[in-house]
Structure formats: C-alpha cells, structure tokens
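J.: Sequence below, structure please.
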Amino acid sequence: MSDIFQEVEEDVRRERYEEIWKKYGNHIIVLATMIVAAVGAWQFWQRYEISQRQATSDRYEAALAIARSGDAVKAEEALSGLVKDAKGGYSALVKFELATAMMAQGKRDPAVALLRELVQEENPLISNPARLRLAWTIADASPKPEIATLLAPLTAADNPWRFAAAEVLAYLDLTQGSRSEALTQYEKLSQETGAPPSLRTRATAISNYIKANPPGAPAPAATANPTPAPAVAPAPAARPAARPAATPAPTPTQRTNTK
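T.: Numbering: from 1, shown residues only. This next block holds a predicted model:
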C-alpha cells in the first residue's frame, strides 16, 4: 500500500510541476537568460576596467620616465593628455606630476590652479599633500595669514603632516622678518622626536644659522696690530636651505588607496 501512495504522490507532484512550467516556463527561461547575460556583462565590464587601469598605469609610468629625464616640456605634453583620461586616484596623481612639470618651466599660475583643485579633494591622502605643496609654491608671494589658513587642517595634534606645516610657517617668519619667532619654531622642530629626521636636520641647521648671523651685527673692531690676512680667505659657511626641495606626492602605498 505504501508503494501505491508513493506513486500517487509522485504523479500529483509531477502534474503540479507540469502546470507550473506551462504557466511560468517562458518567464523562467527569460529570467534565467537575463541572469546569465547580467553575469556575462559584469565580467566583461570588470575585464574592461582592469584593462583601462592597466593602460592608464602604463601611460603614467611612461610620463614619469620622461619627467625624470628632465624634459619638462615633453612631460607636460604626456601628462596633459593623460589627465583627460585618468580617473579616480590616477587623476590626482597625474595632476600632482603635471603641476611639477609646469613649475619646472616657470608656469606658476596653471600649476597653482591644479594644486588648488587637489586641495578640494575629499580624500585626505590627496588633499593634505596638495595643501603642503601649494603652501610652498605660493609662500614667497603670499602673506602668512593666507598660508596659515591653508595649512590649518594639517596642524591638529594628531595629524601626521603637522610638522611639515609648522616648517612652512617657520619659513614664512624667517623670510618675512620675524626672525625671533622663526628661531623659536625651528628650535622646537629640531627637538620634535615625531618629526622626520630630514626635517629635524634642516630645522637644526637653520636655527644654528639664525643664531650665528643676527641681523645688524656690528663688524669686529680693528686691532692695533691686525693679524695678516691669509693669502686666500676661507669661504663663509653656506646658508642652509630653508625649505625642502619638494613636497612629495602620495606614496605608492597611498596610490593604492586612492584608486
């Protein structure tokens, strides 16, 4: 008896499936086709995106090679073409390098415009170094309050860029006549254990230079029997560079995070 009931149950189930298939079979086929098509389209788009990123990366590396060769004109041409096509993090990196190529040719205004665009980026890995590079770029032609406002987001106690921002402000004090304030700031930076070693070294050298060369120091008084001057006078100590050679663009690790 159990076998008979089982066969009847299977027949009923089969009839139900057949009714469902007759009623919804076409819809099921269409839905399955759409799912397969969607998966295929997604995979195609993923492959396309990867190929586009690889092409952009290759063009970017080629442009960097030109820039490293010292040919700023050709580097600008390559980067200008790339900035139109690059997306996401690559767009920001290209603008950093394009601004550098422009500055190398004395094209200050378009370089400043690019850096101001980067300052507006929401990603701090882009906007923070852009603020610092822009500050150095316009430091010699801008009042300290303007630069201080630009750098304000970097000066928080937990911001890793705070020491670099303080160096810019110390440089402004030095070049705009506030030598005592500059000396205080450079001495403080030279003792900051959290600051990069290169920055501390610069700060130490500049603070020593300021102390050794006070403004308006009187010349030594002449003696009755001056010591004969040597045949060749020793060269004076060179003035240390008051600003770093360049503010770096985001590092390779940071580039990954900006894609």
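J.: contacting residues for residue 101?
T.: Contact analysis of residue 101 by CB atoms under 8 Å, 6 or more residues apart in numbering lists 67, 72, 75, 76, 79. For every residue, glycine as well, the C-beta is placed using N, CA and C.
J.: Among those residues, name the ones in helices.
T.: Counted as lying in helices by DSSP state H, out of these, are 67, 72, 75, 76, 79.
J.: and residue 190, how many neighbours?
T.: Residue 190: 18 surrounding residues under other CB atoms under 10 Å.
J.: Then residue 72?
T.: As a burial measure, residue 72 scores 18 neighbours (other CB under 10 Å).
J.: ok, so what distance separates it from residue 164?
T.: According to CB to CB, to the nearest Å, residue 72 stands 25 Å off from residue 164.
J.: Ok, residue 150 next?
T.: Applying CB to CB to residue 150 and residue 164 gives a distance of 13 Å.
J.: residue contacts, the closest residue to residue 108 other than its chain neighbours?
T.: In space, residue 108 comes closest to residue 137 once its chain neighbours are excluded; the distance is 7.2 Å by CB to CB, 6 or more residues apart in numbering. Counting by CB under 8 Å, 6+ apart, residue 137 touches 103, 108, 111, 112, 115.
J.: Among these, which one has the most neighbours?
T.: residue 115 (26 neighbours).
J.: Name the SS class of that residue, please.
T.: Here residue 115 is recorded as helix under DSSP: H, G, I helix; E, B strand; the rest coil.
J.: Run a quick neighbour tally on the residue nearest to it when sequence neighbours are not counted.
T.: Distances taken as CB to CB, 6+ apart put residue 134 closest to residue 115, at 4.1 Å, once the chain neighbours are dropped. For residue 134, the tally of surrounding residues (other CB under 10 Å) stands at 23.
J.: And for residue 21?
T.: Neighbours of residue 21 (other CB under 10 Å): 11.
J.: which element is it on?
T.: For residue 21, the enclosing helix or strand under DSSP states H and E is helix 2-68.
J.: what helices or strands is that helix leaning on?
T.: On a contact count with 3 or more CB pairs under 8 Å, 6 or more residues apart in numbering; DSSP states H and E, helix 2-68 meets helix 72-83, helix 88-104.
J.: in the shortest one, what's buried?
T.: In terms of neighbour count (16 or more other CB atoms under 10 Å), helix 72-83 has its buried residues at 72, 75, 76, 78, 79, 82, 83.
J.: and which of those is nearest residue 213?
T.: Closest approach between the buried residues of helix 72-83 and residue 213, by CB to CB: residue 72, at 34.7 Å.
J.: ok, now which ones touch the closest one?
T.: Contact analysis of residue 72 by CB under 8 Å, 6+ apart lists 101, 102, 104, 105.
J.: any idea how far residue 209 is from residue 180?
T.: Here the criterion is CB to CB. By it, residue 180 lies 14 Å from residue 209.
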